[in-house]
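Visitor: Just need the structure, nothing else, for what follows:
(one chain, ligands or ions: 1)
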Amino acid sequence: MPTRKITRALLSVSDKTGLVPFAQALAGHDVTLVSTGGTAKALREAGLTVVDVAEVTGSPEMMDGRVKTLHPKIHGGLLAMRDNAEHVAAMDTHGIPPIDLLVVNLYPFEATVAGGADFATAIENIDIGGPAMIRAAAKNHAGVAVVVDPEDYDQVLEEIATHEAARRAARRRHLAAKAFAHTGAYDGAIATWFAEELGVTAPHKRVIGGTRAAKLRYGENPHQWAAFYTTAEQRPGVATATQVQGKELSYNNLNDTDAAFELVAEFDPNSSAAVAIIKHANPCGVAVGSTLAEAYTKALACDGVSAFGGIVALNATLDAEAAEEIVKIFTEVIIAPNASDEAKAIIASKKNLRLLLTGALPDPRAEGLTYRALAGGFLVQSRDNRLVDQDALKVVTKRKPSEQELADMIFAFTVAKHVKSNTIVYAKDGATVGIGAGQMSRVDSARIAARKAEDAAERSACPSPLTIGSVAASDAFFPFADGLQVVADAGATAVIQPGGSMRDDEVIAAADAAGLAMVFTGMRHFRH
Ligand SMILES: NC(=O)c1ncn([C@@H]2O[C@H](COP(=O)(O)O)[C@@H](O)[C@H]2O)c1NC=O
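Guide: Next up is the predicted model:
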């Protein structure tokens, strides 16, 4: 069906960005403007001639705006098929003027609830007339162009100017698809809010709405396409960050940077500077220190080989001293809450290096959801926002840990929470000295971590691996004493683990026999 020239447009928008110049351009093409209360007022103030929706419907806006456009004279004008004789006759009979262009954006429901609105205010911000019109126009895209995003205004003006029928039809399909995604995400946000209000954690249906933030060059591998979508959550991190410099971020960069920043945010910047270096979403070095430079140097010493091409996350403003250290080796991404001008200038010497600034750290204790796609579905769970506190630890061995051991154990367990299971993390003096990640056997993780510490010692001409005199953290209990024995053989003097194995007694006995101090957290941190 050949698309009709746009001669009549209905504009009803909450976000009035770009509205006036767009409407002026439409008027310049002799398009009749029909509009609702606030939109009409804005257009008239700009000197434009507007037909009120109430004039078309013969019915006033009523019930605090709950009913404005919900009328056959509007919906008939949007839904009538232009090439259907019966539809056209119905328009004639009932005095329904066709609408060729619909420009609607919705009541800002997500922003309203994000601002802490009460229940009644949130309900009033559920747009009804807008989505009804959008869906009607999108269904009838053969006859109506539907615009839900001010970014598309120029595209429509171009369509009007060029009158290229074939391209116009194709574009209208794209606009319709975008419109349905828009109302779908809008309703998804309402449903999610409603479930939260009711305290329902696993509602019968769940909709995840996101807005494309970037088309990525490729996915995890070059033969996979990928894009990055952001939600309304506003959690500081890759989704909210400003990229100060560097190459375009890749799929893997985004995934790794997210892991890095979430890990480093566990450490309160008021207590200590913290740095995490991440590869393939696992840390290859994490440390705290009195300065970021000190923390970075300590983190790098853990596994300087793996750190090459890594992601560096910092829990405080990147300063010049730390920047000088970081640029000494090839790094893909730096993420920090902020950076000093001096630090930015130093990073600028590496033009490909991406620097992301978030303005804030994510709150590791905040509630939220995490998702994982499976074949034919997805898993949802609450975020792992917990961490054992020192007072809840249970000493299970004859020997009690020293203050230093205790501090290192909490540090190591915090890091272990962010390492793929099974994990064993050795730490000493506020720095990881060996990390075993993602093994199918806990014993292997313990061995790999110890082996990596040996390699690091060899590289730095250290007489012995730093696991000697270290503490070890295990993300989950030791099912048998064998894993604990590896840790003891590596020279660790204290162990932190959740406990809860059927064979805890055997594990405790092995720890006692080796003279280790061991504490149970009662809390597991699997991460798959
Ligand atoms: N009730 C209706 O018939 C109705 N029709 C359009 N709206 C919305 O009213 C807003 C624009 O209102 P105004 O032009 O008064 O600023 C738009 O977000 C639009 O989606 C409506 N409002 C809510 O449902």
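Visitor: Now do the helices in the stretch 401-528 of the chain.
Guide: Assigned helices in the stretch 401-528 of the chain, in chain order: 403-416, 442-459, 481-489, 504-513 (criterion: DSSP state H, counting those that start in this stretch).
Visitor: Test my guess that L26 contacts R8.
Guide: No - in terms of Cβ atoms under 8 Å, L26 does not count as a neighbour of R8; the distance is 9.9 Å. Just so you know, the C-beta spots here come from the backbone N, C-alpha and C atoms, and that holds for glycine as well.
Visitor: that older thread, redo the helices of the stretch 401-528 of the chain as JSON lines? Include distance to R527 and mean pLDDT.
Guide: Shown next, in JSON lines, are the helices of the stretch 401-528 of the chain (distance: least, Cβ to Cβ, whole Å; pLDDT from 0 to 100):
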{"stretch": "helix 403-416", "distance to R527": "9", "mean pLDDT": "98"}
{"stretch": "helix 442-459", "distance to R527": "12", "mean pLDDT": "95"}
{"stretch": "helix 481-489", "distance to R527": "18", "mean pLDDT": "97"}
{"stretch": "helix 504-513", "distance to R527": "22", "mean pLDDT": "98"}
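Visitor: Identify whichever of these lies nearest to T211.
Guide: helix 403-416 (32.6 Å; Cβ to Cβ).
Visitor: Give me the contacts around the closest one.
Guide: Applying Cβ atoms under 8 Å, 6 or more residues apart in numbering, the contact partners of helix 403-416 are 263, 266-267, 276, 283, 286, 288, 387-388, 390, 393, 401, 423-430, 432, 435, 470-475, 493-496, 517, 519, 521, 525.
Visitor: for the closest residue in space to P108 that isn't next to it in sequence, what are its contacts?
Guide: Distances taken as Cβ to Cβ, 6 or more residues apart in numbering place S14 nearest to P108, at 5.8 Å, with adjacent residues excluded. Residues counted as contacts of S14 (Cβ under 8 Å, 6+ apart) are N105, L106, Y107, P108, D127, G130.
Visitor: Enumerate every residue touching the closest residue in space to F480 that isn't next to it in sequence.
Guide: Computed as Cβ to Cβ, 6+ apart, the closest residue to F480 that is not its neighbour in sequence is R503, at 5.9 Å. Going by Cβ under 8 Å, 6+ apart, R503 touches F478, P479, F480, A481.
Visitor: repeat that for 10 Å
Guide: For R503, the contact set (Cβ atoms under 10 Å, 6 or more residues apart in numbering) comprises F477, F478, P479, F480, A481, A509, A510.
Visitor: Can you tell me which of the residues you listed has the most neighbours?
Guide: Among the contacts of R503, the one with the most neighbours (other Cβ atoms under 10 Å) is F478, at 29 neighbours.
Visitor: Quick check: the gap between that residue and V396.
Guide: Distance, F478 to V396, by Cβ to Cβ, to the nearest Å: 12 Å.
Visitor: Alongside the ligand, which residues does the stretch 51-200 of the chain contribute?
Guide: Counting by Cβ under 6 Å from any ligand atom, the stretch 51-200 of the chain comes close to the ligand at 65-70, 104-107, 127-130.
Visitor: Just the ones in strands from those, please.
Guide: Counting by DSSP state E, these place V104, N105 in strands.
Visitor: Summarise which helices and strands the lowest-mean-pLDDT helix or strand in the chain is packed against.
Guide: Ranked by mean pLDDT, DSSP states H and E, the weakest helix or strand in the chain is helix 153-162, scoring a mean of 86. When contacts are defined as 3 or more Cβ pairs under 10 Å, 6 or more residues apart in numbering; DSSP states H and E, helix 153-162 packs onto helix 19-28, strand 101-105, strand 145-147, helix 165-198.
Visitor: outside of it, which residues touch it?
Guide: Outside of helix 153-162, the residues within contact range by Cβ under 10 Å, 6+ apart are 3, 5-7, 9, 17-19, 21-23, 25-26, 28-31, 100-101, 103, 145-147, 149, 164-165, 167-168, 171-172, 174-175.
Visitor: Out of those, which end up buried?
Guide: 3, 6, 9, 19, 22-23, 25-26, 31, 100-101, 103, 145-147, 149, 168, 171-172, 175 (16 or more other Cβ atoms under 10 Å).
Visitor: And the helices in the stretch 251-400 of the chain, which stretches?
Guide: Secondary structure of the stretch 251-400 of the chain by DSSP H, counting those that start in this stretch: the helices cover 251-264, 292-302, 320-326, 341-347.
Visitor: distance of the residue nearest the centre of the chain from the ligand?
Guide: The chain has A239 as the residue nearest its centroid, 4.9 Å off, counting by Cα atoms, centre = their mean. Using Cβ to the nearest ligand atom, to the nearest Å, A239 is found at 25 Å from the ligand.
Visitor: and the spatially closest residue to that residue that is not a sequence neighbour, how many residues sit next to it?
Guide: Sequence neighbours aside, T230 is the residue nearest to A239 in space, at 4.3 Å (criterion: Cβ to Cβ, 6+ apart). A total of 16 residues lie near T230 under the criterion other Cβ under 10 Å.
Visitor: T230 touches A185, doesn't it?
Guide: No - with contact defined as Cβ atoms under 10 Å, T230 does not count as touching A185 (11.6 Å).
Visitor: any shared contact partners between those two?
Guide: By Cβ under 10 Å, 6+ apart, T230 and A185 have these common neighbours: G210, T211.
Visitor: how near is the nearest residue to D444 once chain neighbours are set aside to G246?
Guide: Spatially, and ignoring its direct neighbours in sequence, D444 is nearest to G436 (7.1 Å; Cβ to Cβ, 6+ apart). Going from G436 to G246 by Cβ to Cβ gives 31 Å.
Visitor: Per-residue confidence, the residue of the chain most remote from its centre, what does it come out as?
Guide: Relative to the centre of the chain, and counting by Cα atoms, centre = their mean, the farthest-placed residue is T93 at 52.1 Å. pLDDT, T93: 96.
Visitor: Now list the buried members of the residues of the stretch 51-200 of the chain next to the ligand.
Guide: Neighbour counting by 16+ other Cβ under 10 Å classes G65, K68, T69, V104, N105, L106, Y107, D127, G129, G130 among those as buried.
Visitor: Which phi and psi values does the residue nearest to the first one when sequence neighbours are not counted adopt?
Guide: With Cβ to Cβ, 6+ apart as the criterion, G65 has its nearest non-adjacent residue at 7.0 Å, and that residue is G37. For G37, the backbone dihedrals (degrees, to the nearest 10) come out as phi -30, psi -70.
Visitor: Give me the number of neighbouring residues for G37.
Guide: The tally of other residues near G37 (other Cβ under 10 Å) stands at 15.
Visitor: what does D64 give?
Guide: D64 has 7 neighbouring residues, counting by other Cβ under 10 Å.
Visitor: next one: the one 10 residues further on
Guide: Residues within reach of I74, counting by other Cβ under 10 Å, total 26.
Visitor: So which bits of the helix or strand harbouring it are buried?
Guide: When elements are assigned from DSSP states H and E, I74 belongs to helix 72-79. Neighbour counts over helix 72-79 (16+ other Cβ under 10 Å) mark K73, I74, H75, G76, G77, L78, L79 as buried.
Visitor: Just checking, which helix or strand succeeds it along the chain?
Guide: Using DSSP H and E, the helix or strand that directly follows helix 72-79 along the chain is helix 85-94.
Visitor: and the angle for that following helix with helix 72-79?
Guide: 150 degrees (axes from the mean of the first three to the mean of the last three Cα atoms, to 10 degrees).
Visitor: And helix 85-94, what does it pack against?
Guide: Using 3+ Cβ pairs under 10 Å, 6+ apart, the elements in contact with helix 85-94 are helix 72-79.
Visitor: just the angle between the helix it packs on and strand 101-105, please?
Guide: Calculated by the same axes, to 10 degrees, helix 72-79 forms an angle of 110 degrees with strand 101-105.
Visitor: Identify the residues contacting helix 72-79?
Guide: Residues contacting helix 72-79 (Cβ under 10 Å, 6+ apart): 8, 10, 12, 34, 36, 53, 55-59, 68-69, 71, 87, 90-91, 94-100, 102, 129, 132-140, 143-144, 146.
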